[in-house]
Structure formats: C-alpha cells, structure tokens
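Novice: one predicted model, sequence on top.
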Amino acid sequence: DSGVTQTPKHLITATGQRVTLRCSPRSGDLSVYWYQQSLDQGLQFLIQYYNGEERAKGNILERFSAQQFPDLHSELNLSSLELGDSALYFCASSPRLELAEAFFGQGTRLTVV
Amino acid sequence: EDQVTQSPEALRLQEGESSSLNCSYTVSGLRGLFWYRQDPGKGPEFLFTLYSAGEEKEKERLKATLTKKESFLHITAPKPEDSATYLCAVLDFGNEKLTFGTGTRLTIIP
C-alpha cells in the first residue's frame, strides 16, 4: 500500500459526459501528479500541483482540468468525454516540490462507451 | 524533449535465469533516473532512484546501474513473483514531470 488513495477504482460512462476522479496523497506529501496510461502508450504526465498551486503541465487536454484543495486532496475533472479517453488514470504524490520519488495510487480505470 | 527507450519490450526467463533490462535516455540534464515495477491493473511501485553515472543500487534480486546514456536493471536468479512490467523514468533539471518509457514486460516461468 503506497498510502495514496484514488476513488473510484472503476468508472464507466458515456461519451459526452463529465467525470471527477479523486486523489488523496500520502500524509504530509504536498505534491500531487496526475498521469494517464493507455494500452498503446506509456504513462503520460498530465499535471502537477504543489501545495494548492499548479506547478507543471504536460499533455493535458483543454477538456481536462484539475485542482488541489487546502486539505491537499486533488481532483481531476474530465469533460466532453470521448472513446479515446478510456485509460487508467494515476495519481502520485511526493513530499517536496522536487520530485525525488513518487508514490502512485492504484489508479482509476475509466471506460467511455 | 526528454526521451526514454526501454528494451526488450518483453522478456521470458526460466526461474533462476539471470538477465538485464535496458533503459536508454536522452535528457538535457539528468536530475534523476527512476525504476518502477508495475503489476497488471495496479499503480507503479517505486524501486530505485539513481542520480549520477556510476551509481548502483540493490534490492533483493534487483540491481540498478547508471551510465551517462543508459541504465540497466539486473535481475539475479529471478522467481515467478518477479514477473511484472518494469518501468524506467527520467527527471530533467527545470522540469517537474517524470518521463516514462513504455516498459519491459518480464515473465518468469517456474
């Protein structure tokens, strides 16, 4: 158990819908990262938050957004969903701004039908 | 742009048969190279961080080494429970994101 909690574990939704994925980082970790993992691609970095502020952005679509709340949990919002958004979405946390090592949650498997 | 290439894509070994996995990388300035293990349907599990060429780290049957262009994950006398996908990732200076390779899927046959 990495200490990073993601909910829900599985999500099935229709195209055009909007979903919210939730992540609770390890106790004391200020940085939260979101990654997408598709079958045909490796882990792709989406976005990073540190202590409530956005710090880095990767290949995140405009339809996707995220935020980190004062209690340090984070949410990833995916809207106008398309079939190609089906993937595993992972959250990771680390204690510092500089990424020494990241601990990953178990992921949310999103299926868009 | 940072690039990470892992080889082979898949590797099948008999139990006890030692081998190595390769991770070649291109970065402007390496801050760290990371190895993770990922079981199917689960999140990556952190194994090692290497920071400079010549550095080595060991954990049970695994040993990671680093040069200026690549890293190797050596597995000695593997057991079936070592079967997993092994991911390599790099962190560049001035960059907060890990760039991952696509992994090596390792299968250990009893």
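Specialist: Right, received. Where do you want to start?

Novice: contact residues of chain B facing chain A?
Specialist: Counting by C-beta under 8 Å from any C-beta of the partner chain, the residues of chain B lying close to chain A are B:31-32, B:34, B:36, B:41-46, B:49, B:87, B:89, B:91, B:95-103. All C-beta atoms are positioned from the backbone trio N, CA, C, and that covers glycine.

Novice: mark which of these are part of strands, please.
Specialist: Taking DSSP state E, the ones among these that sit in strands are B:Arg31, B:Gly32, B:Phe34, B:Tyr36, B:Glu45, B:Phe46, B:Thr49, B:Leu87, B:Ala89, B:Leu91, B:Thr99, B:Phe100.

Novice: closest to chain A out of the residues you listed?
Specialist: Of all these, chain A sits closest to B:Phe100, with 4.2 Å by C-beta to the nearest C-beta.

Novice: partners of that closest one in the sheet?
Specialist: B:Ala89 (DSSP bridges).

Novice: wait, isn't it in contact with B:Thr85?
Specialist: No - look at B:Phe100 against B:Thr85 with C-beta atoms under 8 Å: they stay out of range, at 10.9 Å.

Novice: hmm, stretch A:22-41 touching chain B?
Specialist: Yes - counting by C-beta under 8 Å from any C-beta, chain B is contacted by stretch A:22-41 at A:Tyr33, A:Gln41.

Novice: now the end-to-end length of that stretch.
Specialist: From its first residue to its last, stretch A:22-41 covers 23 Å (C-alpha to C-alpha, to the nearest Å).

Novice: okay, buried residues for that stretch please.
Specialist: Neighbour-count burial for stretch A:22-41, counted by 16 or more other C-beta atoms under 10 Å in any protein chain shown, picks out A:23-26, A:29-37.

Novice: tell me which of the residues you listed fall in strands.
Specialist: A:Cys23, A:Ser24, A:Ser31, A:Val32, A:Tyr33, A:Trp34, A:Tyr35, A:Gln36, A:Gln37.

Novice: just give me the least confident of those.
Specialist: The lowest pLDDT within these belongs to A:Ser31, with 90.

Novice: identify the bridge partners of that residue.
Specialist: Beta-bridge partners for A:Ser31, by DSSP bridges, are A:Tyr50, A:Ser94.

Novice: about what we covered before: mind giving me the PyMOL select for the residues of chain B next to chain A, buried ones only?
Specialist: Only the buried entries of the residues of chain B next to chain A go into this PyMOL selection, using 16+ other C-beta under 10 Å:
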select buried, chain B and resi 31+32+34+36+42+43+44+46+49+87+89+91+95+96+97+98+99+100+101+102+103
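
Novice: how many neighbours does the closest residue to chain B within chain A have?
Specialist: In chain A, the residue found nearest to chain B is A:Phe104; the distance is 3.5 Å by C-beta to the nearest C-beta. Using other C-beta atoms under 10 Å in any protein chain shown, A:Phe104 is surrounded by 22 other residues.
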